[in-house]
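# Sharing a model that was predicted from the sequence below.
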Amino acid sequence: KISKAYSQLEQEYERDPNTKELANLLDMDSQDVADTLKIAGRHVSVDAPFAQGDDNRLLDVLQNDGHMPDHGLNRDSLTLEVERSLSVLAPREAD
């Protein structure tokens, strides 16, 4: 109910409606509307652009502390390449 009213006022005013506007439309107490909005929250897609026509996404600015899947492959490839390069050097040059 509040979500529908929120969307309706958002389109009408072309901005986020405040709790008083929602309460007036729904004939509810402003505090009840505010409490419900806090609990419900709004979901945001991490893949959606910040603004229409914008190429930046939330996913682009979130820090990723996870292990990159190709990190191990790059390390293994580099190790193999170094070993291959060292194998063609004379023992003294390899040290």
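Cool, the structure landed. Numbers count the residues shown, from 1 in each chain.
# C-alpha coordinates for stretch 25-32, CSV please?
The C-alpha trace of stretch 25-32 is given here as CSV (Å, rounded to 0.1, in the frame of the first residue of the first chain):
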residue,chain,number,x,y,z
LEU,A,25,-2.4,10.4,0.5
LEU,A,26,-2.9,7.3,2.6
ASP,A,27,-4.8,9.0,5.5
MET,A,28,-2.3,7.6,7.9
ASP,A,29,-0.2,8.9,10.8
SER,A,30,3.2,10.3,9.6
GLN,A,31,5.1,8.4,12.2
ASP,A,32,3.5,5.1,11.1
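# Tell me the gap between that stretch and the middle of its chain.
Centroid displacement of stretch 25-32 relative to its chain, using CA atoms, centre = their mean, to the nearest Å, is 32 Å.
# So which bits of it are buried?
Neighbour counts over stretch 25-32 (16 or more other CB atoms under 10 Å) mark 25-26, 28 as buried. (Glycine included, C-beta is placed from N, CA and C.)
# got it, and stretch 47-58?
For stretch 47-58, the neighbour count (16+ other CB under 10 Å) marks no residue as buried.
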